[in-house]
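>>> Sequence and predicted structure are below.
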There are 4 protein chains.
Amino acid sequence: MTMGTQRYGAGIWHFATYVDRYATDGYGEARSLLEMIDLAGQVEDLTVVDINYPFVDPSLSLDTVEQALQRNGLSVIGITPEIYTRQFAKGAFTNPDAGIRRLANEMCNDAADVVRRFGADYVKLWPGQDGWDYPFQVDHRKLWQASIDGVAELAGQNPDLKFVIEYKPREPRVHMSYDSVARTLLGIEKMGLPNVGILLDFGHSLYGGESPADAAQLAIDHGRLFGMDVNDNLRGWDDDLIAGSVHPIELFEFFYTLRKNGWEGVWQLDQFPFREDSVAAANSAIGFLKAVERALDKLDFEGMQAAQDRQDAVTALNLARAALFSSY
Amino acid sequence: MTMGTQRYGAGIWHFATYVDRYATDGYGEARSLLEMIDLAGQVEDLTVVDINYPFVDPSLSLDTVEQALQRNGLSVIGITPEIYTRQFAKGAFTNPDAGIRRLANEMCNDAADVVRRFGADYVKLWPGQDGWDYPFQVDHRKLWQASIDGVAELAGQNPDLKFVIEYKPREPRVHMSYDSVARTLLGIEKMGLPNVGILLDFGHSLYGGESPADAAQLAIDHGRLFGMDVNDNLRGWDDDLIAGSVHPIELFEFFYTLRKNGWEGVWQLDQFPFREDSVAAANSAIGFLKAVERALDKLDFEGMQAAQDRQDAVTALNLARAALFSSY
Amino acid sequence: MTMGTQRYGAGIWHFATYVDRYATDGYGEARSLLEMIDLAGQVEDLTVVDINYPFVDPSLSLDTVEQALQRNGLSVIGITPEIYTRQFAKGAFTNPDAGIRRLANEMCNDAADVVRRFGADYVKLWPGQDGWDYPFQVDHRKLWQASIDGVAELAGQNPDLKFVIEYKPREPRVHMSYDSVARTLLGIEKMGLPNVGILLDFGHSLYGGESPADAAQLAIDHGRLFGMDVNDNLRGWDDDLIAGSVHPIELFEFFYTLRKNGWEGVWQLDQFPFREDSVAAANSAIGFLKAVERALDKLDFEGMQAAQDRQDAVTALNLARAALFSSY
Amino acid sequence: MTMGTQRYGAGIWHFATYVDRYATDGYGEARSLLEMIDLAGQVEDLTVVDINYPFVDPSLSLDTVEQALQRNGLSVIGITPEIYTRQFAKGAFTNPDAGIRRLANEMCNDAADVVRRFGADYVKLWPGQDGWDYPFQVDHRKLWQASIDGVAELAGQNPDLKFVIEYKPREPRVHMSYDSVARTLLGIEKMGLPNVGILLDFGHSLYGGESPADAAQLAIDHGRLFGMDVNDNLRGWDDDLIAGSVHPIELFEFFYTLRKNGWEGVWQLDQFPFREDSVAAANSAIGFLKAVERALDKLDFEGMQAAQDRQDAVTALNLARAALFSSY
């Protein structure tokens, strides 16, 4: 593994195998967390990971995980509590059963301890089962209030830590309550707590009908862009394809926006290589991200700003192309 | 024309003829405002209208319009300044040219005077040209700030009046800056003014990926649902079809949410009957809305709340069906 | 169980529990095939089922399954070979590995034997893994040719049986090769065999941008509508919601088209009640389908034809509403 | 104007100004056909155009148009009869009124004479008003039959000429009858005539959920790819943006497919620069298309074929990137 100035990361699930509702026997042999970490270690330029908690192997000790990370030159950026498995099928923070809501809170507090243990940056909340499937299914006021209360309670219980919400339009629920950047910021503003922010997933933003660059700018302007990850899709679903494989120009605009604002965090991958070699898929993505870095170095920022100030799409596009399509 | 307790309204453009980029000669002979008002008067149960300003006939006096309204038993609910014609092709509030932004402000202030003259409820702002078309085209921070500033300036200049923002995901711009209920509320909260609210268009909400019922609840909970209109579409574009023609159940849930919250305003139509008789299209829509009213009278609200409190989709759906599919 | 003139069916997976890529521990305890059959037996008015093969319990004998079906008053309409599990992750008929293509052929031939054993109507082919995920991933000519060849080979090997292709736009593949009614008919015409037809899934048609009524008419006009099933979704994904829960009018138009053409087959359900009671979800759907039957009895077919002949959308809609919204 | 081996073209409407249903006063001063031709002449590397008929200036003679073309170094590739204006609001070939269907036939026959006069390649049929808006609005069998009959009649009347159908999912109709490549090929096969083919619009294919590369391959394999044009969009609507501004990789795959099959026709633009300088927008697009040409010269075709033969997405993507992102 080598390192440049920009740090690259990945959700550790990038190196798992997957099931879906059809291939119930999975797209490959199940992998242990240690196997995933060793695969992550094979990726060039990868230095940080986000890890699900509880671990896929329940008996695994934190020490063992730490050793595996160290031998692969990896550190932990965040811990993602699994608040979207069977027991949370009808929601974590918004579950109709108060006992389940309590379980979700406890699991997230446990994850907070793991964040402290690894010196990570945040607990990542992805409440994928919080939402609804059918018209008339939920009381929308209560559901949204519970979405806010659940996160605020956690942030209040752990004022020393950051909590990031990864919004997403849908899946597995037909509609998720934290569905967009604006909705999530609206909820965070209601909470009024300094330690809750957004983890912006490029693909979620894209298939939710947002411009990821605009979403990033909005989160930054509210002081809430705490993390990000990238991937790609066909704008209709969270395909979690290799970053830049479909929307390289909007990906470039997204990173342009980050640099313009002086946002300096890890560039993470959230890809699901169902049928691909996971190390090759990560290398392919990071290879392109490094081209994006070079293109940013080359881009005429002043000319771009001038074009944007007069909404001159053709000039802006030509400048972006000149930089991006000569940097691979 | 007859009247029940619920008042029904329509944008006066429902009774216009239309052009598009292909049928540049229009889908029918151009109509004067007075002709449109007389057509509106032929619709059963229609009592209020929203009128574009400047009028389609520039020389028409306010008195003449008022007489036409009176003879048709119509009153005015809102005035919609035309801040989306040629001069505003690159935006009204966000136009790169300060002179054009000034023109937009002036036109809206003129519309405010017409609101006062007719005793209407609000100036309706639909900034359809404020947004972007291409990646890299705009500085997203500046664009959003200008979107907020433009509306806040107007509301500050006219504290005696209400201003409603009709958000929409896109069209004519590829992306509109006021694109969703949450984004619009976020902007309104920034303004911090009591006289700015939302006009929720059912179809815009639907094709923006929202649940219109959820969007209505959110706007109500922020005290900002100042108006609404309905129509229908295929969830991919603002087709402005006859209300209830595609999504009757979500339309029912939308009105259920309004009644549950005691929201008592006009039920308006925003339809574009390109190829249909406009009076027949309005009657068809209102005929269905009256069935929705009857279904609300019949619906088991307690049973519905209980089902929602346990997220019991099947029971909730069965209750909704029992009421709606027996009320025409 | 009671019976009317119209027979109702369901895919047996309606009564399974499910996994997805997040809730990898499943949305409930795994169920045996016999448990599923016993649940199907609890649904009012359900008389036929479609069964996956190999059975979820590998050691189960055909006799045992037959007994379970008989005690529940159920017969078999089709057998669905599982050509979309791990070994077929890169396709069944289009797999790059000839050995895997052979396995797919063998599994389908085994399924054909089960069809014969149960006196069922057809082998149902749903090649969900045949397609692609990325730009540049496949040679489109070869992929499509293999899609055709694989089905044609099966139909040629089993001239005494019918094979139905259930097309679908995507999932699990980002794009499926049999993606639409027209593409599938084009392939079937190339095969030139009498025993290959279409199983039209209402939801697949809907979220593929088709009008299901138009798709049914086209398949009928080519003499290839061999089966159908219904469900619902939000037009962006195969949500497999309860039939009629979102698009009751287009569902009504679909069945109107079948009746108008004298198409008399089983009305089947293909729903995935992830978080719902599966018997209640099936009863809710069939309850609505029976309302659709009553509405068809009531509909003014002559008036409808006259309205359609002049493309009079308002009259057609009013006629449809009058029948459907008074029949529950 | 300079020329390479590859010829570039554009629809002459690229150089028009536009109206839509909101900016009814248009996005700029109306332009005459001669003005459009003179603008087209200013674009580097543009040598052919497609012209609407009747001309926007009714009194303009063919000789005058020819002179304007000649002084700009332009020739005509196709003539597009305007079968989508007011009189055809309910369809051209499928209009419920036989008299209107006759008018459509006559206008297309007149266009055929202009094709002969200019030595152009084809009459381009874009029946944008042939389809439906509402559930229940049309008899789908009759509508489709009329779609086929209308084109077949024209092709039979003019066996010396080619007719190309430009399919499109929707707009201005909510659903167009010629909506996809497969449906159009199915219709063409029914006609059984050698002189009817497809003009494949990259953007229509993309937002219809197709892979344009796959659509091109299918049309080629049926011997029916008679023409093509490019542009871009956000996969939800026919935005007619500058080619390559959003989907450069799929655009590259599209041209890869053409070259692989030895398809040698004009690369045309079908863009609508509503708010942009039309010459700059055309130059930007062609500038990128020339980068695509260079990338094709550089691409490892053998390696690509080998990767595709094993469905190796990562290798295929890496090869495509290496060529495309170094060729501007």
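Sure thing, it's come through.
>>> tell me the secondary structure for A:Ile188?
Secondary structure, DSSP: H, G, I helix; E, B strand; the rest coil: A:Ile188 is helix.
>>> Give the bridge partners for the closest residue to it other than its chain neighbours, please.
Distances taken as Cβ to Cβ, 6 or more residues apart in numbering or on different chains put A:Val196 closest to A:Ile188, at 5.1 Å, once the chain neighbours are dropped. In this view, the C-beta of every residue, glycine as well, is placed from N, C-alpha and C. In this structure, A:Val196 bridges to A:Phe163 when assessed by DSSP bridges.
>>> quick one, what contacts A:Val196?
A:Val151, A:Ala152, A:Ala155, A:Lys162, A:Phe163, A:Val164, A:Ile165, A:Ile188, A:Arg224 (Cβ atoms under 8 Å, 6 or more residues apart in numbering or on different chains).
>>> What parts of the stretch 101-250 of chain A come near chain D?
A:Leu234, A:Arg235, A:Gly236, A:Ile242, A:Gly244, A:Ser245, A:Val246, A:His247, A:Pro248, A:Ile249, A:Glu250 (Cβ under 8 Å from any Cβ of the partner chain).
>>> contacts with chain B among these, please.
Counting by Cβ under 8 Å from any Cβ, the members of those near chain B are A:Ile249, A:Glu250.
>>> now the residues of the stretch 101-250 of chain A next to chain D as JSON lines including secondary structure, pLDDT and neighbour count?
Formatted as JSON lines, those follow (DSSP: H, G, I helix; E, B strand; the rest coil; pLDDT from 0 to 100; neighbours: other Cβ atoms under 10 Å in any protein chain shown):
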{"residue": "A:Leu234", "secondary structure": "coil", "pLDDT": "98", "neighbour count": "22"}
{"residue": "A:Arg235", "secondary structure": "coil", "pLDDT": "98", "neighbour count": "19"}
{"residue": "A:Gly236", "secondary structure": "coil", "pLDDT": "97", "neighbour count": "17"}
{"residue": "A:Ile242", "secondary structure": "coil", "pLDDT": "98", "neighbour count": "29"}
{"residue": "A:Gly244", "secondary structure": "coil", "pLDDT": "98", "neighbour count": "27"}
{"residue": "A:Ser245", "secondary structure": "coil", "pLDDT": "98", "neighbour count": "29"}
{"residue": "A:Val246", "secondary structure": "coil", "pLDDT": "98", "neighbour count": "27"}
{"residue": "A:His247", "secondary structure": "coil", "pLDDT": "98", "neighbour count": "27"}
{"residue": "A:Pro248", "secondary structure": "helix", "pLDDT": "98", "neighbour count": "26"}
{"residue": "A:Ile249", "secondary structure": "helix", "pLDDT": "98", "neighbour count": "23"}
{"residue": "A:Glu250", "secondary structure": "helix", "pLDDT": "98", "neighbour count": "22"}
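>>> related to what we said a few turns ago, just the contacts of A:Val196 now: which is nearest chain C?
A:Ile165 (16.3 Å; Cβ to the nearest Cβ).
>>> wouldn't that closest one be in contact with A:Leu185 here?
No: with contacts counted by Cβ atoms under 8 Å, A:Ile165 stays clear of A:Leu185, the gap being 9.6 Å.
>>> Give the intersection of the neighbour lists for those two.
Joint contacts of A:Ile165 and A:Leu185 (Cβ under 8 Å, 6+ apart) are A:Ile198.
>>> Over to A:Ile77. Which of the three states is it?
Applying three-state DSSP: A:Ile77 is strand.
>>> Ignoring the adjacent residues along the chain, who's closest to it?
A:Val48 (4.4 Å).
>>> looking at this, that neighbour is in a helix?
No: per three-state DSSP, A:Val48 lies outside any helix segment and is strand.
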